[in-house]
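>>> next come a sequence and a model predicted from it.
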Amino acid sequence: MKRILETAWRVAPTTASVLLLGENGTGKTILAEAIHQRSNRAKEPFVTVNCPCLKRELLESELFGHVRGSFTGAISDAMGKVAAAEGGTLFLDEVGDLPLDIQPKLLRLLQDRVYERVGESRSRQANVRIIAATNRNLAAEVKAGRFREDLYYRLNVISLELPPLRERPEDILDAANHLLRSIGDDLHREFRGFTPLAGEALQSYDWPGNLRELRNVVERAAILSDRDILDLADFEIPTSTHAATPQVGSYVSLAKIEEEHIRQVIERTTTLEHAARILGIDKSTLYRKRKRQHSPLSDFEFANETAACAG
Ligand SMILES: Nc1ncnc2c1ncn2[C@@H]1O[C@H](COP(=O)(O)OP(=O)(O)OP(=O)(O)O)[C@@H](O)[C@H]1O
């Protein structure tokens, strides 16, 4: 992540287009704004276009503007977001969803800095810096014929891939502390972080919704807790989905649910002691339960066998 941010800050003051890649909630929009803030366009507008939100005709007009009468409902001339972003940055969110027939118009804007309003033949000059983001694999979209190769290469000069949180568990606590401080500012409260148990639980979960989900979980805990150090009891951290997990209400025994839950916690933790603390039992009880369940002991459990029995 450090390397990604270093590259982002290096490219920020230039006018180069930037392509941000990553799953939903990894912070692409926030990074786009931060790049804009660190550019010499910071005092100029930062304008977002959300590509999948609009129908094709409306999207073209939203981007480039239109002249009166160019389509039903075009009752007056309108400037588009390209004009609104003049001098500043145009952020194209979910650019992978841009319809194929609008893509050449974006390419022209990127290459020649010109565009036309819908229904108008005269070209207009634009001075905008483009930052685009997508959660799609654009190379695969090109192969599938849904994204133009020339546009892909034009956008992909500087691309930054934001990794999902589950691939950087070492960053989770830092991110959670950062979010907690900013949530504290909003709530006019001063938080002092997380108890070790809460921290471990935050790090053990794989956050499919990434930073957005982490923020929601931390915010909820902060609002509902009256402590200044948030504890495990303040959190509702969802159990990650697992194909083999028996669902509550399905026809399986409690023992089976317990076995599966223990298996999952062990899978996500690095020591038996850590797993036992999350499960709220002591490690010798956990060891006995694992033996009773006839689960083959993993390397890690073997390594901890002696310690567990002593404890
Ligand atoms: N660096 C950060 N500092 C504080 N909050 C952050 C940061 N990055 C992400 N977040 C939180 O995560 C949320 C999602 O971030 P963001 O909208 O930038 O993600 P995204 O990758 O653009 O998501 P999507 O693909 O769904 O649009 C933000 O609203 C914010 O609450």
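Nice, thanks for sending it over. Residues are numbered from 1 along each chain as shown.

>>> residue contacts, Arg148?
Leu100, Gln103, Pro104, Leu107, Val142 (C-beta atoms under 8 Å, 6 or more residues apart in numbering). For the C-beta atoms, the positions are set from N, CA and C on the backbone; glycine is no exception.

>>> which bits of the stretch 201-311 of the chain sit near the ligand?
Leu211, Arg212, Arg215 (C-beta under 6 Å from any ligand atom).

>>> mind giving me the ChimeraX command for buried ones among those?
Only the buried entries of those go into this ChimeraX selection, using 16 or more other C-beta atoms under 10 Å:
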select :211,215
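
>>> could you dump the contacts of Arg148 to TSV with pLDDT?
Output for the contacts of Arg148, formatted as TSV (pLDDT from 0 to 100):
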residue	pLDDT
Leu100	91
Gln103	94
Pro104	94
Leu107	96
Val142	94
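
>>> look up how far Arg215 lies from the residue of the chain at minimum distance from the ligand.
Residue nearest to the ligand within the chain: Gly27 (3.0 Å; C-beta to the nearest ligand atom). From Gly27 across to Arg215, the span is 10 Å (C-beta to C-beta, to the nearest Å).

>>> helices of the stretch 1-150 of the chain, residue ranges please.
Applying DSSP state H, counting those that start in this stretch to the stretch 1-150 of the chain gives helices spanning 2-11, 28-37, 56-64, 81-84, 103-112, 138-143, 149-155.

>>> could those go into a markdown table alongside distance to Asp228?
Listed next are the helices of the stretch 1-150 of the chain as a markdown table, based on distance: least, C-beta to C-beta, whole Å:
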| stretch | distance to Asp228 |
| --- | --- |
| helix 2-11 | 29 |
| helix 28-37 | 26 |
| helix 56-64 | 45 |
| helix 81-84 | 43 |
| helix 103-112 | 49 |
| helix 138-143 | 44 |
| helix 149-155 | 45 |
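
>>> nearest to Phe191, out of the ones you listed?
helix 28-37 (20.6 Å; C-beta to C-beta).

>>> number of residues surrounding the residue of the chain closest to the ligand?
17 (other C-beta atoms under 10 Å).

>>> confidence score at it?
The model reports Gly27 with a pLDDT of 92.

>>> try Pro296
48.

>>> next one: Ala303
For Ala303, pLDDT reads 41.

>>> could you do the one 3 residues further on as well?
Each residue has a pLDDT score; the one for Thr306 is 36.

>>> surely Arg212 and Gly22 touch.
No - counting by C-beta atoms under 8 Å, Arg212 sits too far from Gly22 to count as a contact (11.7 Å).

>>> which ones are touching the closest residue to the residue of the chain closest to the ligand other than its chain neighbours?
Among residues not flanking Gly27 along the chain, Leu211 sits closest, at 5.1 Å (C-beta to C-beta, 6 or more residues apart in numbering). Contact partners of Leu211, counting by C-beta under 8 Å, 6+ apart, are Gly25, Thr26, Gly27, Leu165, Ala175, Leu179.

>>> farthest-separated two in those residues?
Thr26 and Leu179, at 13.9 Å, using C-beta to C-beta across the contacts of Leu211.

>>> please report how far the residue nearest to Gly27 lies from Arg227.
23 Å.

>>> again with Asp97
43 Å.

>>> who's more crowded, these two?
A count of neighbours by other C-beta under 10 Å puts Asp97 above the other of Asp97 and Arg227, at 18 against 13.
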